[in-house]
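In: Quick one, fold the following:
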Amino acid sequence: MQIKSVIRILGLLLMLFSLAIIPPILVSIIYQDNETWPFFYAFILIFVSGLLLWLPAMQAKTDLKLRDGFIIVVLFWFVLSSFGSLPLLLSSSLNISITNAIFESISGLTTTGATILINIDDLPKSILFYRQYLQWLGGLGIIVLAVAVLPMLGVGGMQLYKAEVAGPIKNKLTPRITETAKWLWIVYLLMTFLCAISYYFAGMNIFDSICHSFSTIAIGGFSTHAASFGYYDNQWIELIAIFFMIAACLNFSLHYLAFKNKTISPYRNDNEAYFFLFLMGLISFLCISYIYSNSAEMNTREIIKSGFYAISIATTTGFTNTNYVNFVGFLPILLILFSFIGGCAGSTAGGMKVIRVMLLLKQGYRELRRLIHPNSKIKIKVGNTAINERTLETIWGFFAIYVFVFLTVMLLLMLSGLDFITSFSAVAATINNLGPGQGEVLLNYASISDINKWILSFSMIVGRLEIFTLLVIFTPDFWKK
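Out: As a prediction, the model looks like this:
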C-alpha cells in the first residue's frame, strides 16, 4: 500500500472539502445570523489539517492501486464526517455534544436524514443551509467530484471511482474517467437547478426551495422545518417532489445519455428503470389503498399526500408530511421493507439497489425452473444481455452480508436496551440511508444513547459505501502483499 500517496490525497481532499464551508459563510453574512465566525474557524481548521497532511507527503507521486482507493474512500468518509461536524460543534446556537455533531454530520453526508436536532425551525439559516448542503455533496459523492478535480493536481482518479461508485454494473459514460465524473456533476447540477426553480414557483420561498432541492436530488430527507413537507401542505410542492425523487433514483447515466442525445430512448431501453417505476407504482397503490380502507374520506388531496408518503420512504428520501405520524404497524413497516430495495444503481438513493433485487428474483425463478428441468442451462438476462455467473455470485454474497450486518447491528441495539420496533426501524433507516424510523426514533434520534448513535453512525457509513467497500478492509487478504 502506498501510505504516503494515501496521506497526500487525504490532505488534498480535506483542503477541497474546506471550500464547501464558504457557501454557508456567505449565507450567514446575508442573513446576519451570528454564525459567520464558527463557520470561518471551521474552514481554517479543515484547510490547515488538510495542508498538514499534504505537506510531508507532497512529493509522493506513486500510482494508486485498487486497494489504495478503498483505503482512501473509507478513511475519507470517516475523516470527512468528523471534520464536517466542526461547524455544528462550534455553533453557539446549537450547543451539542461531539457525538451528536458527528452523528448529524454523518447523517448529512451519507444522505440518511436521521437527525438529533429538535427545534429545527428556530435554527440559524446558515446551519439549516449547511445540513442540506452536506446531503447534496454526499449525494453523488464527494469522491466523484474529487475524481474530476484531482487529475488537475496530478492524482489519477480511476481507483477512487471504482471504490466509491458501488454496484454490480459500473458504466463509464466517456472514455476518460475524469470526463465521466464531470458529466455526472453537470447532470446533478442541472437537476438541482430545475428542482429549486420548480419548488420556488410552487410556493416555497427562495431559501427553502434551494435547500430542499439539495436534499431532494440527493435523496437525503433533511428539511428546514420540523414538520418537513407537512409545513407547506401544498399538493403542487409534493407532486414536484415526487417527480424529482423518482428522477434522482434513476441511473444518472440515463439522464446524461438522454441529455446528450436529446432522446428518451435510454429510459425506454433500460429494464432496471422499468422495474423501478413498476415498484414505485405498486407501493403507491398499496399505500393509497390501505389509507383509503382506513379513512372515512379520500379525495384528490389525500391521494397525493399518500403517494408522496409512499414514494418518499420507498425511495429512501425520508421526507415526511402530515400523514407520517398518524400511521403505525402495517404501512410504515411495509414502506421500510421497500426501502431495502432503494433506487437504481448509479443513482443517489440508498438501499440494496433495484438491479440487485431484479437479479436475485431472476435467479430465484431460475432455480424453480431447474427443479422441473434439472439438466437445462438457463441464462439470466437483463434485456438482451446475459449476466455472468461471477456477477450473480457477487450479488448473493452482497445480499448475505447485507442481512448479516443488519441483524448484527439490530441485536447490538436491542442489547443496549432498545425495543424491537425501534431497533429494527433504526437499523433499516440508517443502513438504507432512509432517515425516519419508528418507536423512539419516529421523529428524531435525540433520545437514544450515545453508544447507539455511534453504532448507527457506523450503519449509515456501511450503507452509504454499500457494504463491500468498507468491510473489505477488515479482511486479512486485503492487507497481504
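In: Please count neighbours and contacts with C-alpha atoms only from this point.
Out: OK.
In: So which residues of the stretch 51-200 of the chain form helices?
Out: 66-84, 86-90, 98-109, 125-140, 142-149, 158-164, 177-202 (DSSP state H, counting those that start in this stretch).
In: which residues of the stretch 51-200 of the chain score low on pLDDT?
Out: Applying pLDDT under 70 to the stretch 51-200 of the chain picks out residues 61-64, 142-178.
In: Any chance of a markdown table for the helices of the stretch 51-200 of the chain, columns distance to residue 266?
Out: Converted to a markdown table, the helices of the stretch 51-200 of the chain look like this (distance: least, CA to CA, whole Å):
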| stretch | distance to residue 266 |
| --- | --- |
| helix 66-84 | 30 |
| helix 86-90 | 42 |
| helix 98-109 | 30 |
| helix 125-140 | 20 |
| helix 142-149 | 22 |
| helix 158-164 | 23 |
| helix 177-202 | 15 |
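In: Same list (those helices) but as CSV, adding mean neighbour count.
Out: What follows is these, written out as CSV (neighbours: other CA atoms under 10 Å):
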stretch, mean neighbour count
helix 66-84, 20
helix 86-90, 23
helix 98-109, 26
helix 125-140, 25
helix 142-149, 22
helix 158-164, 22
helix 177-202, 19
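In: mind checking which of those is nearest residue 367?
Out: helix 158-164 (31.4 Å; CA to CA).
In: Residues in contact with the host helix or strand of residue 49: which ones?
Out: Residue 49 belongs to helix 36-54 when assigned by DSSP states H and E. Residues outside helix 36-54 that contact it (CA atoms under 8 Å, 6 or more residues apart in numbering): 7-19, 21-22, 24-26, 28-29, 83, 86-87, 90-91.
In: Buried ones only from these, please, as a ChimeraX command.
Out: Per 16 or more other CA atoms under 10 Å, the buried members of the contacts of helix 36-54 correspond to this ChimeraX selection:
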select :7,8,9,10,11,12,13,14,15,16,17,18,21,24,25,28,83,86,87,90,91
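In: Just the contacts of helix 36-54: which are in strands?
Out: Among those, no member falls in strands (DSSP state E).
In: Report the inter-axis angle for the helix holding residue 49 versus helix 125-140.
Out: 40 degrees (axes from the mean of the first three to the mean of the last three CA atoms, to 10 degrees).
In: how about helix 36-54: buried residues?
Out: Quick answer for helix 36-54 (16+ other CA under 10 Å): 36, 38-40, 42-43, 45-51, 53-54.
In: Could you list the low-pLDDT ranges of the stretch 351-481 of the chain?
Out: 481.
In: if we go to 90?
Out: By pLDDT under 90, the weakly predicted segments of the stretch 351-481 of the chain are 355-356, 367, 369-398, 436-439, 442-443, 464-481.
In: For it, just list every one of the helices.
Out: Going by DSSP H, counting those that start in this stretch, the stretch 351-481 of the chain shows helices at 354-372, 389-415, 420-431, 450-464, 468-471.
In: how much space between residue 289 and residue 298?
Out: Look at residue 289 and residue 298: by CA to CA, to the nearest Å, they are 10 Å apart.
In: cool, and residue 318?
Out: 24 Å.
In: Kindly report the same for residue 268.
Out: Residue 268 is 33 Å from residue 298, by CA to CA.
In: How about residue 462?
Out: Using CA to CA, which is the criterion applied here, residue 462 is 40 Å from residue 298.
In: which residues does residue 224 contact?
Out: Here residue 224 is in contact with 120, 121, 128, 129, 208, 211, 212 (CA under 8 Å, 6+ apart).
In: So for the residue nearest to the third one when sequence neighbours are not counted, what's the pLDDT?
Out: Nearest residue to residue 128, sequence neighbours excluded (CA to CA, 6 or more residues apart in numbering): residue 224, at 5.8 Å. Note for residue 224: predicted pLDDT of 96.
In: helix/strand/coil for residue 224?
Out: coil (DSSP: H, G, I helix; E, B strand; the rest coil).
In: Now it, what are its backbone angles?
Out: phi -90, psi 0 (degrees, to the nearest 10).
In: From residue 456, how far out is the spatially closest residue to residue 272 that is not a sequence neighbour?
Out: Once flanking residues are discounted, residue 272 sits nearest to residue 355: 5.8 Å by CA to CA, 6+ apart. Counting by CA to CA, the gap from residue 355 to residue 456 is 26 Å.
In: And residue 336, by the same measure?
Out: 16 Å.
In: check contacts around residue 450.
Out: Per CA under 8 Å, 6+ apart, neighbours of residue 450: 99, 100.
In: Isn't residue 106 up against residue 461?
Out: Yes - assessed by CA atoms under 8 Å, residue 106 is found in contact with residue 461 at 7.4 Å.
In: Now stretch 234-246: average pLDDT?
Out: Mean predicted lDDT for stretch 234-246 stands at 96.
In: hmm, I was thinking of stretch 334-341
Out: In the prediction, stretch 334-341 has an average pLDDT of 93.
In: Contacts for that stretch next, please.
Out: Outside stretch 334-341, the residues that reach it (CA under 8 Å, 6+ apart) are 283, 310, 313-316, 350-354, 357, 425, 428-429, 432, 434.
In: middle-most residue in the protein, spatially?
Out: residue 111 (3.7 Å; CA atoms, centre = their mean).
In: right, and it touches residue 214 too?
Out: No - look at residue 111 against residue 214 with CA under 8 Å: they stay out of range, at 10.3 Å.
In: so what sits against both of these two?
Out: 135, 136.
In: In contact with residue 308: list those residues for me.
Out: Counting by CA under 8 Å, 6+ apart, residue 308 has contacts 238, 239, 241, 242.
In: and those, which of them are in helices?
Out: 238, 239, 241, 242 (DSSP state H).
In: would you turn those into TSV with neighbour count?
Out: Formatted as TSV, the ones in helices among the contacts of residue 308 follow (neighbours: other CA under 10 Å):
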residue	neighbour count
238	24
239	17
241	24
242	20
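In: Out of those, which is nearest to residue 302?
Out: Of the ones in helices among the contacts of residue 308, the one sitting nearest to residue 302 (CA to CA) turns out to be residue 238, at 11.4 Å.
In: ok, for that closest one, nearest residue in space, not its chain neighbours?
Out: residue 308 (6.2 Å).
In: could you point out which element follows whatever helix or strand the one you found lives in?
Out: Using DSSP H and E, residue 308 sits within helix 300-314. Going down the chain from helix 300-314, the next helix or strand is helix 330-339, by DSSP H and E.
In: Closest one to residue 417 out of the contacts of residue 224, please.
Out: residue 120 (27.7 Å).
In: still on that earlier bit, for the helix holding residue 49, the distance to its chain's centre please.
Out: Taking CA atoms, centre = their mean, to the nearest Å, one finds helix 36-54 lying 25 Å from the centre of the chain it belongs to.
In: Now do it and helix 66-84, the angle between them.
Out: Using the same axes, to 10 degrees: helix 36-54 against helix 66-84 is 150 degrees.
In: on that earlier part again, pretty sure the residue nearest to residue 272 sits against residue 346.
Out: No - counting by CA under 8 Å, residue 355 sits too far from residue 346 to count as a contact (10.2 Å).
In: Now do the contacts for the closest residue to residue 457 other than its chain neighbours.
Out: Closest residue to residue 457 apart from its sequence neighbours, by CA to CA, 6+ apart: residue 103 at 5.9 Å. Residue 103 is in contact with 115, 116, 453, 454, 457, counting by CA under 8 Å, 6+ apart.
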